[in-house]
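Visitor: A structural model of the following input is requested.
(2 chains)
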Amino acid sequence: MPARPGAPDLLHPSAREAAAPPAPAAPAPGRTARRSAPSASALHLLAGLALAVSLVASVRIGTTDVSYADVVRTAGFHLGLDVEPLPRLVDSLIWELRVPRVVMAALVGASLAVCGAALQAITRNALADPYLLGISSGASTGAVAVVVLGLGSASLGVTGGAFVGAMVSFGLLMLLLRKGGLDSVRVVLTGVVVSQLFTALTSLVLMASGDSEAIRAITQWLLGSMAPARWDTTAVTAAVTAVGLLVLWLNSAALDGFSFGTDTASSLGVDVRTTRWVLLIVTSLMTAVAVASVGAIGFVGLIVPHGVRFLVGPRHRTLLPLSALVGAVFLVWTDALARVAFAPQEVPVGVFTALLGVPLFLLVLRKRGEL
Amino acid sequence: MRITAEGLAWSVAGKSVLAGVDLDIAPGETVGLIGPNGSGKSTLLRCLAGLRTPTSGSVAYDKEPIRLWSARRTARHVAFVEQAADTDSDLRVEDVVTLGRTPFGDRWRGFSARDRAVVAAALARLGLTELRERPWKALSGGERQRAHIARALAQQPYAILLDEPTNHLDVKHQLELLGLLAATDQTVLVALHDLSLAARYCDRLLLLHGGRLVAEGPPRDVLTPRLLAEVFEVDAVTGPDPLGHLAVAYRGVAAPPATGDAVAPATEDPVVLASPRSATDHPTPELVDSPTPKET
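Guide: Numbering: from 1, shown residues only, chains lettered A, B, ... in the order given. Next comes the predicted model:
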């Protein structure tokens, strides 16, 4: 601990300008050995490969099985390669329904997992998930308003209505939060209030005026289902998810800084207020788009970040990309399961994320010695 | 780096926590901030570290007011060690120390080899190299405190502000830490509860009472029985310890000013004090060999 006299002092401000990092005397210096055998980059590579394989493999799975050859042929044809197209019906099944659905599952899984990780950091609450802020409840109210009450034009549809609802709840949240600090308890409580309000409104509309057909359709959506995914919604989700992931990833250091609370974060040079606003807005928009497209799929945003933290630790620069990949793989396979488990009856994927998520989550907690 | 404050005041919910604090800390000085619980030490440190915007008055680093500085710019000048900052997160010691590189990090590229070298040096300085893989939850209170201090040093700060850094540290680590702070030529302002330690390691002491700076100067001028009775409400004597360092010994709690005649009634200006009994009865007490008499 005593300063070594004569040795160049790296901890002194005068060392900031020195040209090359001098080799410190500490043993094994500068090596950021990860906590266990697999390194973070190896895990990224592995998860990336797993996602690629999952995307291709899961396209085959569904009420109608298709072969790899068909998948490759369809993809080749639509990517402009010189291949013989499949019959119209099979081609549109694969290209218009199956492929966008699988891609959407990957995007939504990534989006929810990363939003969950970010919200857990900024609220310093291990239970935070993307639905904490009430965005999904707003989306539900919007969807119900369109489907049951017939508000808005027919062109709006469930997705449009849900997005409008999500934006209304988001606006309300920002309105309630606009004054005062965004301390975590306040954010969480405000989110709960907004969430409860819109949940009540949804129930009110459903109970007051829903016929059973409409209620069944909306329940399917409320529990989360990939079935409505098409290329147009998938493209919007892809754009928002890509931008959102990048913004969150660029804020990794700030998210790390929040670990010890706002004063320490601020003393580390994190602009706490601005960062919180940016992160709240980005996660809200990502959630809004995901929920509007495929409904409120639960549990992914909660369990995936915790599971990934268990593997690579809580540093967000590694945690966020890996959570995105794992979330994507998880939802792609869960949706594949949802397609075939009770075929031809399709079960909302949200049911399976919870059914699979609960035991996985318990396993992680157990391994961490918290249960 | 010189830290100055003029007319610093901070209040919360209409309650004044700091009022009219003027101070000037010279580059390289090691200054101790002392005062009873609730005297405003933590708030003063936060104002000086740019974490609280003063309700009035100003803080300046090298004569430059920091009010409009970005958090990042401030963090490149001053490191702040909060009291007992804790986390639920499963960070390892090395991760915590790496947080100190945040103000120098690049959003796109993250941390460089240089950052890692600085982190390794900070770990070594606090004797944490062996513990660098250990998760936060598995650390003792003292190890956590040392990790925070290593993190502050990794900021390569011009000045370090610390709030009760010796809490949770055993005697050896207290001495090591304060020795380290006193030896560095960075500016140090450290809030301390142990007055004898403060006297031994600080060039100068600032005494806060009720949000006001009531005394400042070399330890022997600040740690007088009168001021200790007035501010800390203790009946104390000061003098050299067996090694010749200025030390404070306590007879007990001072009688409350309203009822006892041991301490004169508090006046509006706390610096102007009536002479308490202890000051006259024990002009130059020798602490050697004689255990502190206890009042019964």
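
Visitor: got the contact list for residue 149?
Guide: Assuming you mean chain A. A:205, A:209 (CB atoms under 8 Å, 6 or more residues apart in numbering or on different chains). In short, each C-beta sits where N, CA and C put it, glycine included.

Visitor: that answer is for a different chain, and I need it for chain B
Guide: B:81, B:126, B:162, B:165, B:177.

Visitor: quick one, what contacts the residue in the stretch 151-300 of chain A positioned nearest to chain B?
Guide: Of all residues in the stretch 151-300 of chain A, the one sitting closest to chain B is A:G269 (3.2 Å; CB to the nearest CB). Contacts for A:G269 (CB under 8 Å, 6+ apart) come out as A:257, B:70-76, B:102-103.

Visitor: that one belongs to a strand?
Guide: No - counting by DSSP: H, G, I helix; E, B strand; the rest coil, A:G269 is not found in a strand; it is coil.

Visitor: what's the pLDDT at it?
Guide: pLDDT recorded at A:G269 is 95.

Visitor: and it, what are its phi and psi?
Guide: phi 90, psi 10 (degrees, to the nearest 10).

Visitor: and B:L51, by the same measure?
Guide: Torsion angles, degrees, to the nearest 10, at B:L51: phi -90, psi -20.

Visitor: and for it, the neighbour number?
Guide: B:L51: 22 surrounding residues under other CB atoms under 10 Å in any protein chain shown.

Visitor: is it in contact with B:F80, as I believe?
Guide: Yes - if you go by CB atoms under 8 Å, B:L51 and B:F80 touch, sitting 6.8 Å apart.

Visitor: hey, what's in contact with both of the two?
Guide: Common neighbours of B:L51 and B:F80 (CB under 8 Å, 6+ apart) are A:263, A:267.

Visitor: who's in contact with residue 218?
Guide: You didn't pick a chain, so chain A it is. A:143-144, A:147-148, A:206, A:210.

Visitor: please refer instead to chain B.
Guide: B:203-205.

Visitor: count of neighbours near A:A343?
Guide: Count around A:A343 with other CB under 10 Å applied: 12.

Visitor: what sits against the closest residue to it other than its chain neighbours?
Guide: Among residues not flanking A:A343 along the chain, A:T63 sits closest, at 4.7 Å (CB to CB, 6 or more residues apart in numbering or on different chains). Listed by CB under 8 Å, 6+ apart, the contact set of A:T63 reads A:339-340, A:343-344, A:346.

Visitor: and these, which of them are buried?
Guide: A:339, A:346 (16 or more other CB atoms under 10 Å in any protein chain shown).

Visitor: which member of the contacts of A:T63 is positioned nearest chain B?
Guide: So of the contacts of A:T63, ranked by how close each gets to chain B (CB to the nearest CB), first place is A:R339, at 36.1 Å.

Visitor: quick one: contacts for the closest residue to that closest one other than its chain neighbours?
Guide: Once flanking residues are discounted, A:R339 sits nearest to A:G62: 4.6 Å by CB to CB, 6+ apart. With contact taken as CB under 8 Å, 6+ apart, A:G62 is in contact with A:98, A:336, A:339-340, A:343.
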